[in-house]
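> sequence below, structure please.
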Amino acid sequence: MYSFARRKDTQVLDEPLYGWYLQETGLEHPGFQEILAGMECDGVAVIREQLQGQLKKPVLFAKQMTHHLLHLPKDFLLEAKNVLLIRHPAKVLMSYAKVIQQPVLDDIGIRQSWELLQYLREHYAHAYVVDGDAILQNPAGQLEALCNACGIPFDEAMLSWPAGPLAEDGVWAKYWYERVHRSTGFEPYAEKEVQLSPHLQALAEEAMSYYHALREEKVG
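Take a look at the predicted model:
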């Protein structure tokens with residue numbers, strides 16, 4: 001999201017369905033009361049007004065979590081260029097568990113990402129899979145390939161941003177975005193040791209079949 005926010009032609013939205021997701025599931029994520037009070041929690045209204053409404057700029061980049069869709073109709077995605085960002089499940093879980101200590105598989109959205117990709121393929125909709133590690137290894141090349149796939153020109157401004165929060169950050173940023181707020185661009189890729197509890201290791205193993213299936217579809 002921070003990368004696309006650097007484009008002059010692009011409006012960004014930060015997880016506009018998060019409030020809907022928390023309201024429907026009853027999950028008490030950090031800051032959940034503030035989140036519910038501070039954003040539209042009617043999922044259908046979010047789709048109609050924010051995702052299908054009048055745009056402020058030519059391009060709309062909506063950062064979403066596939067598990068936030070829940071039982072909402074997905075046909076609005078058939079009109080969009082859908083990008084599915086994947087990371088190795090062990091890395092996702094190691095990061096996620098710093099905020100949510102006992103996650104379940106559905107919390108990280110990898111199963112839902114695979115199911116959404118199948119839905120989009122069945123309806124001949126635009127869908128592209130990108131690997132987070134591949135972006136870190138070659139930010140310019142991967143972003144240029146993604147922009148080409150989406151039919152927009154690559155902009156080198158996407159490679160860096162000022163440290164600190166983004167005006168479009170959700171109210172949950174103070175719980176989740178500490179690291180990105182310290183960043184000024186894509187960190188050089190480096191393999192890091194991943195240590196998981198037995199619970200998280202079991203989840204990572206359960207997620208691997210979805211990860212491998214998604215990775216076979218990746219762009220670039």
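> what does the pLDDT read for G220?
Looking at G220, its pLDDT is 58.
> then D133?
Reported pLDDT for D133: 94.
> number of nearby residues for the spatially closest residue to it that is not a sequence neighbour?
Closest residue in space to D133, ignoring its immediate chain neighbours: Y189 at 6.4 Å, by CB to CB, 6 or more residues apart in numbering. C-beta coordinates here come from the backbone N, C-alpha and C atoms, glycine included. Y189 has 14 neighbours, counted by other CB atoms under 10 Å.
> what do you get for K56?
As a measure of burial, K56 has 8 neighbours, counting by other CB under 10 Å.
> what of the one 10 residues further on?
Residue neighbour count, defined by other CB under 10 Å, stands at 19 for T66.
> in contact with it, which residues?
L84, G109, Q112, S113, L116 (CB atoms under 8 Å, 6 or more residues apart in numbering).
> quick revisit: secondary structure element holding the residue nearest to D133?
In this assignment (DSSP states H and E), Y189 forms part of neither any helix nor any strand.
> which elements pack onto the longest helix along the chain?
The longest helix of the chain (DSSP state H) is helix 198-215. Contacts defined by 3 or more CB pairs under 8 Å, 6 or more residues apart in numbering; DSSP states H and E place helix 198-215 against strand 81-86, helix 89-96, helix 110-122, strand 126-131.
> still on that earlier bit, so the residue nearest to D133 touches G132, yeah?
No: contact criterion CB atoms under 8 Å: Y189 and G132 do not qualify, at 9.7 Å.
> tell me where the protein has helices.
2-5, 18-25, 32-38, 43-46, 89-96, 110-122, 132-137, 139-150, 173-176, 178-182, 198-215.
> could you give the angle of the longest one to strand 81-86?
Calculated by axes from the mean of the first three to the mean of the last three CA atoms, to 10 degrees, helix 198-215 forms an angle of 140 degrees with strand 81-86.
> that older thread, pipe the contacts of T66 into TSV and attach pLDDT per row.
Formatted as TSV, these follow (pLDDT from 0 to 100):
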residue	pLDDT
L84	98
G109	97
Q112	98
S113	98
L116	98
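> any quick ChimeraX command for the buried ones out of the residues you listed?
Only the buried members of the contacts of T66 end up in this ChimeraX selection, burial being decided by 16 or more other CB atoms under 10 Å:
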select :84,109,112,113,116
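> now render the contacts of T66 as JSON lines, adding distance to E144.
Output for the contacts of T66, formatted as JSON lines (distance: CB to CB, whole Å):
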{"residue": "L84", "distance to E144": "18"}
{"residue": "G109", "distance to E144": "26"}
{"residue": "Q112", "distance to E144": "28"}
{"residue": "S113", "distance to E144": "23"}
{"residue": "L116", "distance to E144": "25"}
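> between the contacts of T66, which is nearest K74?
L116 (7.1 Å; CB to CB).
> show me what contacts the residue located most distally from the centre of the chain?
Computed with CA atoms, centre = their mean, the maximum C-alpha offset from the centroid of the chain is found at P198, amounting to 26.1 Å. By CB under 8 Å, 6+ apart, the contact set of P198 is empty.
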